[in-house]
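Undergrad: Kindly return the folded structure for what I paste below:
(chains A and B)
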Amino acid sequence: MPISGLVITFDRPVAQCSAAISALRAMPEVDLGHAEENKLAVVVDTETQEHDRLVWEAVQQLPGVADVAIALVAFDKHTDENDPRARTSERNDEPVE
Amino acid sequence: MMNRLNNDRRQVMKAAAMAAAGTLVAGKASLPVVQADQAVDDLPDGDGLSWNKAPCRFCGTGCHVQVGVEDGRVVAVAGDKAADVNKGLLCVKGYHVGGILYGKDRLTEPLLRQEDGSLKPIAWDEAIEIIAKRIFDSPETFAFYGSGQWTIPEGYAAQKFMKGGLGNNHIDPNARLCMASAVTGFIATYGVDEPAGCYQDLDECDVLITWGNNPAEMHPVLFSRVTDRRSRGETVRIIDIGTRRTRTTDAANDYLEMKPHGDVAIALGIMHLLIENDNYDKAFVEQHCNFRALEASLPTLQGEPISEAEYRKRIAKYTPELVEELSGIPADKIRMLADLFADSDLRITSLWCMGMNQHTMGTAINSLVHGVHLMSGHFGRPGDAPTSLTGQPSACGTVREVGTLAHALPGGRVVANAEHRAQSEAFWNVRPGSISPDPGYHTVQMFEAFTKPTDEGGDITTMFVQVTNPGQTLPNLNKLFNSKQGLEDKFLIVSDVYPTATTALADLILPAAMWVEKNGLFGNSERRTQQWFKMVDPPGQARDDCWMTIAIARKLFEMGHEGMRDKDDKFLFAIEDDQGEEIPIWDFAHYYDTNVDKHLFEEYRQFTTLKHKNLAPYDEYVKARGLRWPVVQQDDGSWRETRFRFAAFDDPFVAEGQEFDFYHSTTDDGRAQIWFHDYLPPPEQPDEEYPLWLCTGRVLEHWHSGTMTRRLAPLNRAMPTAYVEMNAADAKAANIRQGETVVIETRRGSTELPVWIDGRGRPPAGTIFVPFFDESKLINDCTLEEHDPFSKQPDYKKCAARVVKKNSVKSTEVSS
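TA: Here you go, the predicted model:
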């Protein structure tokens, strides 16, 4: 399932981060919580850890985000995801000119 | 067992997550810290969910987590708001620390290699008997290779078993590969190991200098203490000195890109200017320091005294211009660094980790950076500190303090000293003369002796590896590990939680319990000793590493090995109950009838007063989120930790009337040593045949050799394979494209890797970087085993390599 409580630190007061806040509000997996000065509490609720990671990465890329840290994470069975066979997968980057 | 959490539980956990995050946000100027023994009462409980504290299993930062357990399984992890280290926050690896227990391929039963190469499950009794018999038959050719991930009691038991029981000093840890140069640097400078400062320095410094260090990815919670200050409007200048751009560089005000080995020249250049400009801290130096240099013949860590005039004479040649030539850093930047150190109003903290430690001049560069701080007086005030970080959770607590190194004994003692041996023999109640005076093999020697045929002088025939993966992490693997294959009389025993590159060559594999599947104590990078209790059962027949050592010792005792009896003819690890009856802790069914960790820790604690590394009783650590040693009992019976050593305002051992007191001075005068070391070139440098510098290291997503984090699907998907970072100009010159698989070759070996051009880390032209986490792409087939002459730590950060296009008929080499 994982549910994670995150602390987002912005490089300016949260009130000045309207673009990032709008983007967060548009994410269905994200609930916004208490904000104070340049910090904002959010909860991310997804079906898989992979989805959770993608949300996390999206949050980190938002304008003005300086840091994302974890306060709490709850999860259930990992075994479906934690298959050692996945360790043989390859990077798939595009060539550059 | 829980599968999907139901909606009610989901809402409870969402509320808890929001509360946990919201509490941290509401901390205003600084994140909230509750009292150490205060309950963390905003976490949900009931319905079988319980919480308890533990330090994170990964790096040396020592973040504390609250572990949520339900139905015998870890189901949640929260940053511990009672923990001063992380103040309730966790990094991405901390997020996943609960998941590392649950990879599908956990080892669950002992496995014995058969003649056809297959592995056959055997009973624990048989496994212990096989090991004991090999040791009994040839105790002097047995070696024990351990880890900075050993808990303190695990390391202590191994140490006592080897040195006190077998009289065999062939015990060394993987920490030899990661922080041995920090140890020798501290000892050469202060006469005693480990940092004087603590993480509070990061909260109070004006300038943070990272020397070949990437804390943004390797110690992110610590680094966030600095970036968090900036986000609150404080000014902290970050200066990143490195050989490639990293995420730390992204946050830095100044990036100084040096040539490999350039750090030695930079430190010398700063000290040259402090003296040349006559703006070093003369009062501090005159009152608290001596000048020191290596002896001309048979150099030692003690060195020989030199006068200030001689020091001036020797360092005179390290002008900014020469330093620019040696390091690649422009002379005006060297002057900038020297001007910062000359400003006594600033607070300057230096951080380093593998960059300065995995270095053939590791002892020298560690000593020189201490010297920069001592000479400039940037020492002993909060925010003014030279501080090394560790990469493993108990490299300090277990390796450096328990002394699980081939030359050491617990509590800063050494085997070569008769008085030290006698002290240890007394604490262990073993017969006088039990401990051998000869240092054992350090890591590189140990594996050379194990992988060399016996008839050619390879005099280690049985090796027990616990909690580490040398088949992936040793340098020059083809020589030091892979050559074990086919040596019939060599027997490798490996205790681990998952199959690894090391178990691939093991003759006997033992399934181990990990983290909260057992009791434990760690010691982190700031001298903080941390305790936790077992919370869940390990899978199958997996068992504690400490139990394995004790069970082997007991079997040897039963076989009649004299070393396993103490002076009173009792078992070396005997523990008695309140009625004086021995508890059979060697029988795993009874191992948890008592707290073995507590017994071992209380015995070990006797050693810690010998070098002012005093620890509190075990039960004090049960209450606290760690305590930084020396921990000294107060008049009211409470126990007080020490944040800043050698400074009178905080260290209880500083002599009355002194502002600073280096009370373990190697010169017995309360003074620290400011060392001179000449710059020496690296042992291998790029040339026509191998034109590139190869640097190796870690990545954010994976921890060390990846055996745990690669079992975590999100982390593995985020970083599924090792790669070679290349500079775009180098790649273009060789017609190498993004993602193309190439062959990295050195004089020692080769490995195939996909290319990542100007990716997360951006090496300069002429340099490539490869992380070592991927067991399917072993870059340590290529690295160099050359090591520092004092610390014996190999240099993984620089050797000569070439990049060859795969499938090319004629090799296309990349020139710098």
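
Undergrad: just checking, what packs against the longest strand along chain A?
TA: With DSSP state E setting the assignment, residue counts place strand A:65-74 as the longest strand in chain A. Under the contact criterion of 3 or more CB pairs under 8 Å, 6 or more residues apart in numbering or on different chains; DSSP states H and E, strand A:65-74 touches strand A:3-10, helix A:49-61, helix B:7-25, strand B:73-79, helix B:92-95, helix B:220-231. Any C-beta I mention is one placed from the backbone N, CA and C, and that applies to glycine too.

Undergrad: Go through these and find the least confident stretch.
TA: Note on those: lowest mean pLDDT is at helix B:7-25, with a mean of 82.

Undergrad: helices or strands up against the next helix or strand after that helix?
TA: Following helix B:7-25 in sequence order, the next helix or strand is strand B:50-55 (DSSP states H and E). In this structure, strand B:50-55 packs against strand B:64-70, strand B:528-532, with contacts taken as 3+ CB pairs under 8 Å, 6+ apart.

Undergrad: closest one to chain A among these?
TA: Chain A sits nearest to strand B:64-70 of all the helices and strands packed on strand B:50-55, at 6.8 Å, using CB to the nearest CB.

Undergrad: neighbouring strands for the closest one, and are they parallel or not?
TA: Paired strands of strand B:64-70, with direction, are strand B:50-55 (antiparallel), strand B:73-79 (antiparallel) (DSSP bridges).

Undergrad: Relative to B:N417, which of the helices and strands packed on strand A:65-74 is closest?
TA: Of all the helices and strands packed on strand A:65-74, it is helix B:220-231 that lies closest to B:N417, at 35.5 Å by CB to CB.

Undergrad: what's the neighbour count on the residue of chain A found nearest chain B?
TA: Going by CB to the nearest CB, chain B is nearest to A:G5 of chain A, at 3.1 Å. Counted with other CB atoms under 10 Å in any protein chain shown, the neighbours of A:G5 add up to 31.

Undergrad: what do you get for B:R113?
TA: B:R113 has 17 neighbours, counted by other CB under 10 Å.

Undergrad: Would you mind confirming that it makes contact with B:L508?
TA: Yes. Counting by CB atoms under 8 Å, B:R113 touches B:L508, with 6.9 Å between them.

Undergrad: so who does the spatially most central residue of chain A touch?
TA: Nearest to the geometric centre of chain A sits A:W56, at 1.6 Å (CA atoms, centre = their mean). Applying CB atoms under 8 Å, 6 or more residues apart in numbering or on different chains to A:W56 gives the contacts A:S4, A:L6, A:V44, A:V68, B:V92.

Undergrad: let's see it at 10 Å
TA: By CB atoms under 10 Å, 6 or more residues apart in numbering or on different chains, the residues touching A:W56 are A:S4, A:L6, A:V44, A:T46, A:Q49, A:V68, A:I70, B:V92, B:Y95, B:P714, B:A718.

Undergrad: any idea which of those is closest to B:A16?
TA: Nearest to B:A16, judged by CB to CB, of the contacts of A:W56 is A:S4 at 10.9 Å.

Undergrad: Just the helices from the stretch 601-750 of chain B, written as ranges.
TA: Counting by DSSP state H, counting those that start in this stretch, the stretch 601-750 of chain B has helices at residues B:618-623, B:713-718, B:728-733.

Undergrad: no wait, the stretch 201-350 of chain B
TA: Going by DSSP H, counting those that start in this stretch, the stretch 201-350 of chain B shows helices at B:215-218, B:220-231, B:247-251, B:262-276, B:282-288, B:308-315, B:320-327, B:331-342.

Undergrad: what number of residues lie near B:L627?
TA: 22.

Undergrad: ugh, wrong one, B:K623
TA: If you count neighbours by other CB under 10 Å, B:K623 ends up with 13.

Undergrad: for B:Q579, same thing?
TA: Residues lying near B:Q579 (other CB under 10 Å) number 5.

Undergrad: ok so, going back, which among the helices of the stretch 201-350 of chain B is found nearest to B:Y723?
TA: helix B:215-218 (14.9 Å).

Undergrad: Quick one: mean pLDDT over that closest one.
TA: Mean pLDDT, computed over helix B:215-218, is 93.

Undergrad: Report the contact partners of B:P320.
TA: Contacts of B:P320 (CB under 10 Å, 6+ apart): B:269-270, B:272-273, B:276, B:329-338.

Undergrad: measure it to B:I275 for me?
TA: For B:P320, the distance to B:I275 equals 13 Å [CB to CB, to the nearest Å].

Undergrad: before we move on, back to that, from the contacts of B:P320, pick the one nearest B:Q634.
TA: Set against B:Q634, the nearest of the contacts of B:P320 by CB to CB is B:I270 (40.4 Å).

Undergrad: okay, now the residue of the stretch 401-550 of chain B found nearest chain A: neighbour count?
TA: Closest to chain A within the stretch 401-550 of chain B is B:Y498: 7.7 Å, counting by CB to the nearest CB. By the criterion of other CB under 10 Å, B:Y498 has 21 neighbours.

Undergrad: Make sure it is indeed in a strand.
TA: No. Counting by DSSP: H, G, I helix; E, B strand; the rest coil, B:Y498 is not part of a strand but coil.

Undergrad: give the contact list for it.
TA: Contacts of B:Y498 were listed using CB under 10 Å, 6+ apart, and they are A:84, B:100, B:103-107, B:469, B:511-512, B:514, B:706-708, B:710-711.

Undergrad: repeat for B:A21
TA: A:4-8, A:33-34, A:39-43, A:69-72, B:78-79, B:88-89.

Undergrad: returning to what we had before: which neighbours do B:P320 and B:I275 share?
TA: Contacts common to B:P320 and B:I275, judged by CB under 10 Å, 6+ apart, are B:A338.

Undergrad: Flag the shaky bits of the chain, pLDDT-wise.
TA: Answering for chain A, as no chain was given. A:1, A:76-97 (pLDDT under 70).

Undergrad: Actually, chain B is the one I wanted.
TA: Per-residue confidence for chain B (pLDDT under 70) gives these ranges: B:1-6, B:27-42, B:45-46, B:808-816.

Undergrad: Thank you, goodbye.
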